[in-house]
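# coordinates only, sequence not included:
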């Protein structure tokens, strides 16, 4: 016991080298790799020293060292890094970012306007554009059998993987409700507790606005992204919906199963993730991950009559060796 205490208190400090955690690279979203450290292995060293003390000739001991791995970067530092990245890009519009670690439930959510944080709560309404097709997919899958027919499956692939608007309208008219399909989607989102996410009309040109929704996010007076009255969401709500799909697919839990028992199943959620993986554009979140990283996502943007994009968004589940994440990004610029 005294030998172990001596090694711990007097000797270990001469050999222990703490690992260096990964460090953010200023001005980028990259990290410098961490470095391993070393630590004296007291459990192995003590018997070696005891044997040397008893030996008449083997009096030298090479103290055993073990490698210590660097710790993971602090999750809170990731938010600071992303906020700094937005500021350094000089983006003077409104940026909303939500990130969730699916292993432990840690998350953060921020909205910056001209690089400055929006007052709490950060909920700001953004045009949902084609990311609203994630709620449409959930509502469609709720009403389908476990194995949909080939025609319906083809339209689901077109809606998510190719972002085809007529396919989205067909699914709402033929699977959900021929007249109130968008409103039924909104009702499903309300049932899940997503009060800022809605769809108020079909996608075809000239489709009437079926209802004018007022939400806590779009009634703010201090900030506006001029959100589309036909479809809106917030970065955290669409992120929470992706979390529910993930939990349903992997654990059979989450709000989808609780709110829609027997209608939403793990098998259906696994199918939804497969549809989201079919959205392959090599842009936005997909462009920012290492080659071969699996990304289940839906992107969206809106082009005005002059060809200018004011709204751009991406909502994704990112599968990595170190853990899976939800990340959603919504951007708006008035010019």
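Looks like it arrived, so ask away. Since this is a predicted model, take the numbers as computed values, not measurements.
# The nearest residue to residue 323 once chain neighbours are set aside: neighbouring residues, count only.
Distances taken as C-beta to C-beta, 6 or more residues apart in numbering place residue 103 nearest to residue 323, at 4.5 Å, with adjacent residues excluded. Where C-beta positions appear, they are placed from N, C-alpha and C, glycine not excepted. Counted with other C-beta atoms under 10 Å, residues neighbouring residue 103 total 10.
# how distant is stretch 208-224 from the center of its chain?
25 Å (C-alpha atoms, centre = their mean, to the nearest Å).
# Residues contacting that stretch, please?
94, 111, 113, 118-119, 123-125, 180, 182-183, 186, 195-196, 198, 200-201, 227, 229-230, 232, 234 (C-beta atoms under 8 Å, 6 or more residues apart in numbering).
# what about burial for these, which qualify?
94, 111, 113, 118, 123-125, 182-183, 186, 196, 198, 200-201, 227, 230, 232, 234 (16 or more other C-beta atoms under 10 Å).
# now the strands for the stretch 201-335 of the chain?
Counting by DSSP state E, counting those that start in this stretch, one finds strands in the stretch 201-335 of the chain at the ranges 231-233, 294-303, 309-320, 323-332.
# want to throw these into JSON lines with mean pLDDT?
Formatted as JSON lines, the strands of the stretch 201-335 of the chain follow (pLDDT from 0 to 100):
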{"stretch": "strand 231-233", "mean pLDDT": "98"}
{"stretch": "strand 294-303", "mean pLDDT": "93"}
{"stretch": "strand 309-320", "mean pLDDT": "96"}
{"stretch": "strand 323-332", "mean pLDDT": "97"}
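# for the ones you listed, which one sits closest to residue 51?
Closest to residue 51 of these is strand 323-332 (C-beta to C-beta; 43.4 Å).
# Which residues does that closest one contact?
Residues contacting strand 323-332 (C-beta under 8 Å, 6+ apart): 91, 93-103, 107, 126-127, 131, 225-226, 234-236, 238-239, 242-243, 246, 284-285, 310-318.
# Give the other helices and strands that the helix or strand that contains residue 112 contacts.
Using DSSP states H and E, residue 112 sits within strand 107-113. Here strand 107-113 touches helix 75-88, strand 94-101, helix 235-251, going by 3 or more C-beta pairs under 8 Å, 6 or more residues apart in numbering; DSSP states H and E.
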